[in-house]
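Chemist: Generate coordinates for the sequence data below:
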Amino acid sequence: MKDKSAVATRYDRWSRFYDIVDTMPPFSHFEKKQRKLAIDMMDLRGGEKVLDVGVGSGYYIPWICKRLSRGTIIGIDISEQMLDRARDRAERDGCGSRAVFRKEDAEKMGFASNTFDAAVTMFALTSIPDWKSTVSEMLRVVKPGGCFIVLDTGRPTKTWMKPFYPFMRFTARTFGYTYIDREIESYIKSHKAIEVKDEARSFGGMAYCLKCLIVK
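Modeler: Numbers count the residues shown, from 1 in each chain. Okay, here's the model as predicted:
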């Protein structure tokens with residue numbers, strides 16, 4: 001498993017090309033659909049303070065800004081160059097003061113407890129080295145009764161996808177420092193401070209989106 005500095009270096013290096021690679025057809029259609037679903041699941045009313053863990057280049061941040069007429073989205077990432085791209089996009093798309101970006105270690109965030117009304121992490125927990133610490137930090141910084149959304153990939157549930165899984169697991173680990181065999185979903189569902197209120201699956205069951213209510 002790569003350490004945090006290696007992950008940061010990888011994303012700094014890929015920052016110029018990340019959107020091209022990550023949003024090329026046919027994958028872009030699937031990914032955009034899943035990200036929009038995750039945003040819908042937050043059920044934002046307009047005045048919330050939202051945390052995005054692993055915001056990357058932030059190409060979906062304008063979608064969240066449209067839901068936050070009076071609120072704020074704070075995007076954090078370990079890659080400064082990714083954050084630069086996210087800032088440029090947010091400014092270009094008119095997000096204004098509603099979008100703020102900070103370099104943060106997701107495993108040990110610099111926010112006070114109970115700071116946010118909601119949080120979201122999209123395809124990040126499979127890349128963060130100590131992902132369990134990140135889940136604990138999300139539980140700490142989001143207010144009791146608030147929600148967080150986890151959109152990520154894991155083991156397929158559909159029979160037709162299972163033969164492809166070993167190759168996809170190898171490719172993701174080798175080229176993306178991404179570990180899709182992590183038991184993130186089962187960990188969240190068994191956590192005593194988390195109640196899963198809604199979920200959706202796609203891509204042969206490999207992609208899952210969980211709406212989690214904090215019951216601490």
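Chemist: Spit out the contact partners of residue 185.
Modeler: When contacts are counted by Cβ atoms under 8 Å, 6 or more residues apart in numbering, residue 185 touches 150, 152, 154, 208, 210. From N, CA and C alone the C-beta is placed, and that goes for glycine too.
Chemist: Report how many residues lie close to the fourth one.
Modeler: The local packing of residue 208 (other Cβ atoms under 10 Å) involves 21 other residues.
Chemist: Tell me the buried residues in the helix or strand encompassing it?
Modeler: Using DSSP states H and E, residue 208 sits in strand 207-214. Residues of strand 207-214 classed as buried by neighbour count (16 or more other Cβ atoms under 10 Å): 207-212, 214.
Chemist: Tell me which other helices or strands the longest strand belonging to the chain touches.
Modeler: Counting by DSSP state E, the longest strand found in the chain is strand 142-153. The helices and strands touching strand 142-153, judged by 3 or more Cβ pairs under 8 Å, 6 or more residues apart in numbering; DSSP states H and E, are helix 27-42, strand 116-122, helix 184-190, strand 207-214.
Chemist: and with 10 Å instead?
Modeler: helix 27-42, strand 49-53, strand 116-122, helix 131-141, helix 165-176, helix 184-190, strand 194-202, strand 207-214 (3 or more Cβ pairs under 10 Å, 6 or more residues apart in numbering; DSSP states H and E).
Chemist: hey, C-alpha coordinates of the fifth one in PDB?
Modeler: Written as PDB, here are the backbone C-alpha positions of helix 165-176 (Å, rounded to 0.1, in the frame of the first residue of the first chain):
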ATOM      1  CA  TYR A 165     -13.200  -8.200 -11.000                       C
ATOM      2  CA  PRO A 166      -9.700  -9.700 -10.500                       C
ATOM      3  CA  PHE A 167      -8.400  -7.700 -13.500                       C
ATOM      4  CA  MET A 168     -10.100  -4.500 -12.400                       C
ATOM      5  CA  ARG A 169      -8.700  -4.900  -8.900                       C
ATOM      6  CA  PHE A 170      -5.200  -5.400 -10.200                       C
ATOM      7  CA  THR A 171      -5.400  -2.500 -12.600                       C
ATOM      8  CA  ALA A 172      -6.800  -0.100 -10.000                       C
ATOM      9  CA  ARG A 173      -4.100  -1.100  -7.500                       C
ATOM     10  CA  THR A 174      -1.200  -1.000  -9.900                       C
ATOM     11  CA  PHE A 175      -2.000   2.200 -11.800                       C
ATOM     12  CA  GLY A 176      -4.200   4.200  -9.500                       C
END
